[in-house]
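Trainee: Sequence and predicted structure below; questions after.
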Amino acid sequence: MGLRIHFGADDFARTRLAQSPDPMWEVLLSLHMLQTNDGPLVFDRWRRSVRGRLDPGARRLLALAPPVGYSPDFLTPAAGSGGIDLGISALLSTPRARLRGDLTELALSGGRVAPWMRGIADGDVEALKGLGDALRSYYRLALAPHWSRVRTEVGADLAARGRSLPAADLPAGAFDHLLRGLHPALEWQRPVLIMHGPHVQGDLYLEGRGILLLPSFFCWRAPTMLRSRDLPPVVVYPIEHSPVQLVPGRPPSGRGQGLEALLGRTRAVLLEAVAEGGTTTELARTADIAAATASHHVSVLREAGLLVTRRVGGAAHHTLTPLGVQLLNGRRVA
């Protein structure tokens, strides 16, 4: 069995590597990992710590993310690449038909549809707000303390595969090498990428959309992707982990000191905080500075081409540019 992903002439130019980890995918896949005993050399201490501290709202998320089978596609919107807040905002704007359809698919796949999910299926504002709050609470507990390592190891995967450029910039041989080296469960037979596995089958025609190749820290053993064929195509694949327990703190790379020497401590802290997504107020809280001071430093970083700012409602949300990602990941900027 397997899923055959068909590339057309335009899809090669629109296939791309992600720039950084996607917090919404990491939330979903970490919920899977929390319910297994896989990867003990990396995840045992993390699992014991998180399991013992889940609040009731975050604990309910486990029913939405069974470790085997289907998890709702609406949990991982494309906007998640812009940070956890933008990802949750996009989730809360999911059309009712998608919410209902995904939860129906969860039930048909053998998942447990709890009574509280009915409000989500109906698009109830309060139910969706509760889901967003639970996701944010879980992220802060389970992922935020470890995000520096997640970003570093995903960045190392991207660096090993070359710069995060559109596949149009790669010669044909290099593109073939890139796809053949992603994971043993991914077989490249130009122009078809086959994802092998017991839970995937059929054909997906990209039809000029290309595909996003997204490395993930919490993805384990096998690649995964969205079930729906009409969403932006993405293949999420596992990285090769350092065999070190996942515990809070910065990985021992020495990169943080170099970043501080280059930017100064406050701007280095803000740049790392932007990688997790957030508003100016949230960045100020992280750096323990006044909002006006944070706004000034953010302006300097934006003028240097390291971040961009988008307004969502009344708040300014900041995300890294490719240059900012490369700087944080410790890669040479060409």
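Mentor: Everything's here; your move.
Trainee: hey, let's count contacts and neighbours off CA atoms from now on
Mentor: OK.
Trainee: Average pLDDT for the host helix or strand of residue 45, rounded please.
Mentor: If you go by DSSP states H and E, residue 45 is part of helix 40-51. Averaged across helix 40-51, pLDDT comes to 94.
Trainee: which residues are in contact with the helix or strand following it?
Mentor: Next helix or strand after helix 40-51 toward the C-terminus (DSSP H and E): helix 56-64. The list of residues contacting helix 56-64 from outside it, by C-alpha atoms under 8 Å, 6 or more residues apart in numbering, reads 31-32, 35, 71-72, 111-114, 130-131, 133-135, 137-138.
Trainee: which is the next helix or strand following helix 56-64?
Mentor: helix 84-92.
Trainee: Tell me the buried residues in that next one?
Mentor: 84, 85, 86, 87, 88, 89, 90, 91, 92 (16 or more other C-alpha atoms under 10 Å).
Trainee: Check which helices and strands that helix sits against.
Mentor: Contact partners of helix 84-92 among helices and strands, from 3 or more C-alpha pairs under 8 Å, 6 or more residues apart in numbering; DSSP states H and E: helix 23-34, helix 125-138.
Trainee: looking at those helices, which is closest to residue 187?
Mentor: Proximity to residue 187, assessed across the helices and strands packed on helix 84-92 by C-alpha to C-alpha, is greatest for helix 23-34 (22.5 Å).
Trainee: just how off-centre is that closest one within its chain?
Mentor: Helix 23-34 has its average C-alpha position 9 Å from the chain's average C-alpha position, going by C-alpha atoms, centre = their mean, to the nearest Å.
Trainee: Also stretch 205-217?
Mentor: Taking C-alpha atoms, centre = their mean, one finds stretch 205-217 lying 13 Å from the centre of the chain it belongs to.
Trainee: same thing with stretch 232-245?
Mentor: Averaged C-alpha coordinates place stretch 232-245 at 10 Å from its chain's average position (C-alpha atoms, centre = their mean).
Trainee: pLDDT value on residue 317, please?
Mentor: In this prediction, residue 317 carries a pLDDT score of 83.
Trainee: Please pull out the lowest mean pLDDT helix or strand from this protein.
Mentor: The weakest-scoring helix or strand in the chain, judged by mean pLDDT, DSSP states H and E, is helix 255-263 (a mean of 73).
Trainee: Just the buried residues of the helix holding residue 45, please?
Mentor: The neighbour-count criterion (16+ other C-alpha under 10 Å) identifies 42, 43, 44, 46, 47 as the buried residues of helix 40-51.
Trainee: between the buried residues of helix 84-92, which is nearest residue 278?
Mentor: Checking those one by one against residue 278 (C-alpha to C-alpha), the nearest turns out to be residue 85, at 6.3 Å.
Trainee: That closest one contacts residue 275, correct?
Mentor: No - applying C-alpha atoms under 8 Å as the test, residue 85 and residue 275 come out as separate, 11.5 Å apart.
Trainee: List phi and psi for residue 188.
Mentor: Main-chain torsions, residue 188, degrees, to the nearest 10: phi -100, psi 120.
Trainee: again with the one 10 residues further on
Mentor: With angles defined as degrees, to the nearest 10, residue 198 shows backbone torsions of phi -70, psi -20.
Trainee: Around it, count how many other residues there are.
Mentor: When neighbours are defined as other C-alpha atoms under 10 Å, residue 198 has 10 of them.
Trainee: do residue 319 as well
Mentor: When neighbours are counted by other C-alpha under 10 Å, residue 319 registers 25.
Trainee: gap between residue 85 and residue 71?
Mentor: Taking C-alpha to C-alpha, to the nearest Å as the measure, residue 85 and residue 71 are separated by 20 Å.
Trainee: ok, now residue 324?
Mentor: From residue 324 across to residue 71, the span is 32 Å (C-alpha to C-alpha).
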